[in-house]
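Peer 1: got a sequence here, can you model it:
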Amino acid sequence: MRRTVGLGFALFAFFMGLYLLTYRGHPVSTDEMILFDMTESVAQRGNLHPTLMYNVSILTNPTGDPFKTPDDQYEPIQPIFATPLFWIAQHSANFGRMHMVWFLNIPITALTVVLLYAIGLQRGYSVAVSWLGGFLYGSATLAWVYSRFFWREPLVTLFLLACYGVALQLQSRWQHNYKALKLIIALILLFLAGFLSKAAIILALPGLLILVLPPLPMLFKNRASIQRLSVTAIVAILLILLIFNLNLGSGGNRYNLARWQTFLEKPDWGYVGNSLLGYQLSSGRSIWLYSPILLLGLGGMLMLWRQGQWRLVVAVLLSIFIFSFSYGLSRRALWWGGNGWGPRYLLLLVPPMMLLVFPTLEYLLNKGCQLRWRLAAGLLALVSIGIQILGIAVYQWDYYDLLRDKQILPWQEGLWSIKWSPIPQYLDLWQTNKLDMAWRFATPHWQAPLLAMGLMVGSGLVAIFLARRPATHPAFIPAFSIIACLLIGGTAYSWLVTLQNDTRYTLNRPDIQAMIDYLQKQTNSEDIVFLENPDYQLPLMNSLKSPGLLMTLPYAPGEIRNPNVQPQVVSDDPGAQAGYHSVYAMKWGAEHYQRVWLIMSYGPFIDFALRPQEHWLAQSYFWVETIETSPSVRAIRFNPTPAPGGAPAHIVPNYFNEELLLVGYDLPHGTVYHQGDVLPISLLWQPLKPLPEDYLVSVRLLKADGSLVAQQDGLPQASFGHTSRWIPEQFYRDNHGLQIPHQLTPGQYTIEVVVYSWPSNTRLPVISDTQKGDTAQLTTIEIR
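Peer 2: Numbers count the residues shown, from 1 in each chain. Modelled structure (predicted):
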């Protein structure tokens, strides 16, 4: 027993080393980023709302929240499982949050390897056969490739294999007339966990039922068994219906009965044939082509059938058929699963298919097996491992970019043409100095890979030692386990530390990192940060560890990105230019947070740009400050007090050079403030004639002795008010938010306004009913 456990742990440690060696630590798809987004929400706010990726999930919600993903929703278990990893990175200065979360599927896949080994032992196979079966699954199938990503498939694969293990044990219990209620409950819980990981596991239910149902003679003889099974089945059905009713996940429709009902009532059979053939025979998605080792299961099926173990054979074959059929019916033109290596949607069936390989492995390890069969199987295993190495070594999007450049459609020639399918094209794209692994971006490159290889070598030597010497010292395996765990932790830590300057996230942009550092110090849970440019998503998602909310806004349809191209929306209204969904999110953020930030990738230096999101915020709320770490990285802070409209509450006519009238002002929060508050003040301007230049406005807060304590200078209307373009006799609102210093002495302070020319700093003279000079003193406020 000790030797068996030791070999299992050696297997786990070996594959932890292998998967850490080929660790990627970076997303390749929007799916992964939305799942990370949900993880961030679970860890930070205790919900599953996607916010960072609002730009791709822009449907509004009847509750008024801007949190709803597109029609393709995501289940809750993966983000919940990833939350501890996120929490560690969030509270560690040197760990990237995405770097850390991308470790999740490494131990999950390694655990699946060990579980397959354990199921082999449970089914009566030798340690050698079970260990080899687990090893081939972990190294010669799609499992290796998908350990590198943050997709849901590895987790649901683990749960489905656990369901198979329990179901096979149940079948053994039925045959010996043993009670099995606990196993039935365990099976239901595991299946529900898988269902909450990826709802597609429900397609495996018919196959599982074939494994689970007791022999018919037993049912007729034992009414108590029938009753227990019936009650258990009813409970399971009620739980699934409850999940549908709760509509779990990110607010979406994977658990919406109406969605599933639509497929049944209005089936579209047009892609079913493609899906059935594609998952078996196509050069782009064949399960047999991308995991050739599974071909050994064809012989294993015959052996199992002859041994009377037909249930496992039928369960696996039925599941392959149902999955292949159902994806054509439900996903239609997208049956192939989008970008990925081989049939990602069938990954969860690979471990059950490996169970069919075990009888063949048993035959091959038998002394009576001919050498030629062993050599053929060994060659097949090497080819299968080589295919996985190919899928790991080449960046997926290099392949899809190549197809695009050649005007080849991935879902046509990319699937059905041998020439344009992934395997031959990946071979052409292979560049040893550009392997798609994290160590290329680590400093130093060698540190983490060396530790990972040390873990692999050490685990392999331990496995060989245990295989040759069944009797070992009682302390050997615990000592090895401790050392292996330390190496696993050390390798992961090394990755996190050496990837601090990962250019896939930093983009070689010190200005972005400087802005992240600034926001890290300045923002907290009362801040919401809107991101105008999705190109900046990855740096902020990985490195900004503020508890504030980060949301990426959709592209503004009214923005002018090329002066020679008319935008999608032509309007003078900043709200229409920004787009409904951006305005919807910004309004919501202003209602729920104390400070609103907008990160812009451009500014006033681009003359033709309208900057609609920034303009709408400046028009609707109070501009406080603008921080620039470069012209293309700007953070604009707003106080979310709604800006007043119409006539001002305080009419105080001040004439600047008899050409610009300050009609009056509003103080939405009155005249009493506290240290650290923002003082919002809205001015109403009226040009009396065409103005000769763009004047600057300075709003100031002064002590009684005239010394300056706070000010805000710039073009009016948060840089959007070009006074030379103002129309005479029209009215223009100009909203300012003065930041009151935190250490300001309580007392009386005066608000004044200055208008001046730039760069001469010449002030315009002011005339009012009560004063003359070059400043307009508006009112006095109290700081308490």
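
Peer 1: domain ranges for the protein, per the record?
Peer 2: Following automatic domain parsing, one finds the domains of the chain at 104-436, 450-503, 507-639, 650-783.

Peer 1: in stretch 609-621, what counts as buried?
Peer 2: Residues of stretch 609-621 classed as buried: 609-621 (neighbour count, 16 or more other CB atoms under 10 Å). C-beta here means a position set from N, CA and C on the backbone, and glycine is covered the same way.

Peer 1: likewise stretch 749-766?
Peer 2: Tyr749, Thr750, Ile751, Glu752, Val753, Val754, Val755, Tyr756, Arg763, Leu764, Val766.

Peer 1: count the residues that sit near Leu356.
Peer 2: Per other CB atoms under 10 Å, the neighbour tally for Leu356 reads 23.

Peer 1: right, I mislabeled it, should have said Asn524
Peer 2: The number of residues packed around Asn524, counting by other CB under 10 Å, is 11.

Peer 1: below-threshold pLDDT in the stretch 451-600 of the chain: ranges please.
Peer 2: Along the stretch 451-600 of the chain, the parts satisfying pLDDT under 70 run over 471.

Peer 1: ok so, going back, take the buried residues of stretch 749-766 and keep only those in strands.
Peer 2: Judged by DSSP state E, strands contain the following of those: Tyr749, Thr750, Ile751, Glu752, Val753, Val754, Val755, Tyr756, Val766.

Peer 1: okay but the fourth one is in contact with Leu702, surely?
Peer 2: Read it as Glu752. Yes - judged on CB atoms under 8 Å, Glu752 makes contact with Leu702 at a distance of 6.3 Å.

Peer 1: tell me the secondary structure of Ala635, please.
Peer 2: strand (DSSP: H, G, I helix; E, B strand; the rest coil).

Peer 1: which non-adjacent residue is nearest it?
Peer 2: Using CB to CB, 6 or more residues apart in numbering and skipping residues adjacent in sequence, the residue nearest Ala635 is Ile627, 4.5 Å away.

Peer 1: mind listing what that neighbour touches?
Peer 2: Met515, Tyr518, Arg634, Ala635, Ile636, Arg637 (CB atoms under 8 Å, 6 or more residues apart in numbering).

Peer 1: so can I have TSV of those residues showing neighbour count and distance to Ser494?
Peer 2: Listed next are the contacts of Ile627 as TSV, based on neighbours: other CB atoms under 10 Å; distance: CB to CB, whole Å:
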residue	neighbour count	distance to Ser494
Met515	23	28
Tyr518	14	29
Arg634	22	36
Ala635	19	33
Ile636	25	39
Arg637	22	38
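
Peer 1: out of those residues, which comes closest to Gly558?
Peer 2: Of all these, Gly558 sits closest to Ile636, with 18.5 Å by CB to CB.

Peer 1: thought that closest one was touching Gln613?
Peer 2: No - taking CB under 8 Å as the definition, Ile636 is not a contact partner of Gln613, at 9.6 Å.

Peer 1: okay, and the common contacts of those two?
Peer 2: Looking at what touches both Ile636 and Gln613 (by CB under 8 Å, 6+ apart), the common residues are Leu598, Met600.

Peer 1: next, count neighbours for the nearest residue to Trp269 once chain neighbours are set aside.
Peer 2: In space, not counting the residues next to it along the chain, Trp269 is nearest to Leu329; the distance is 7.2 Å by CB to CB, 6+ apart. Neighbours of Leu329 under the rule other CB under 10 Å: 17.

Peer 1: how far does the one helix or strand Leu329 maps to sit from its chain's centre?
Peer 2: Leu329 is part of helix 310-330, with elements assigned from DSSP states H and E. Distance of helix 310-330 from the chain centroid (CA atoms, centre = their mean, to the nearest Å) equals 30 Å.

Peer 1: contacting residues around Pro470?
Peer 2: Arg3.

Peer 1: in the stretch 401-550 of the chain, which spans are helices?
Peer 2: All helices of the stretch 401-550 of the chain, identified by DSSP state H, counting those that start in this stretch, fall at 413-416, 422-429, 447-468, 476-498, 503-506, 510-522, 537-543.

Peer 1: which of the ones you listed has the highest mean neighbour count?
Peer 2: helix 537-543 (a mean of 22; mean count of other CB atoms under 10 Å).

Peer 1: any idea how far Thr51 is from Ala377?
Peer 2: Using CB to CB, to the nearest Å, one gets 50 Å for the distance from Thr51 to Ala377.

Peer 1: hmm, back to that, SS state for the residue nearest to Ala635?
Peer 2: Per three-state DSSP, Ile627 ends up strand.

Peer 1: measure it to Leu598 for me?
Peer 2: In terms of CB to CB, Ile627 sits 11 Å off from Leu598.

Peer 1: make CSV from the contacts of Ile627 and add distance to Leu192 to it.
Peer 2: Formatted as CSV, those follow (distance: CB to CB, whole Å):
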residue, distance to Leu192
Met515, 44
Tyr518, 45
Arg634, 48
Ala635, 44
Ile636, 47
Arg637, 46
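
Peer 1: quick one: contacts for the closest residue to Leu116 other than its chain neighbours?
Peer 2: Nearest non-adjacent residue to Leu116, counting by CB to CB, 6+ apart: Gly134, 4.7 Å away. Contacts for Gly134 (CB under 8 Å, 6+ apart) come out as Leu11, Val113, Val114, Leu116, Tyr117, Gly120.

Peer 1: just Ser384 next, same as before
Peer 2: Ser384 neighbours (CB under 8 Å, 6+ apart): Leu136, Ala140, Thr141, Ser291, Pro292, Ile293.

Peer 1: farthest pair within the residues you listed?
Peer 2: So, the contacts of Ser384 by CB to CB: farthest apart are Leu136 and Pro292, at 10.7 Å.

Peer 1: the two: who's more crowded?
Peer 2: The neighbour comparison of Leu136 against Pro292 (other CB under 10 Å) goes to Leu136, with 26 against 21.

Peer 1: what's the overlap in contacts for Ile627 and Leu598?
Peer 2: Joint contacts of Ile627 and Leu598 (CB under 8 Å, 6+ apart) are Ala635, Ile636.

Peer 1: what's the first-to-last distance across stretch 748-766?
Peer 2: Start and end residues of stretch 748-766 are separated by 24 Å (CA to CA, to the nearest Å).

Peer 1: can you list contacts of that stretch?
Peer 2: 654-657, 659-660, 662, 679, 681, 683, 693-704, 709, 738, 772-783.

Peer 1: avg pLDDT for that stretch?
Peer 2: Mean pLDDT, stretch 748-766: 95.

Peer 1: kindly report the same for stretch 315-326.
Peer 2: 96.

Peer 1: now it: buried residues?
Peer 2: So for stretch 315-326, counting by 16+ other CB under 10 Å, buried means Ala315, Val316, Leu318, Ser319, Ile320, Phe321, Ile322, Phe323, Ser324, Phe325, Ser326.
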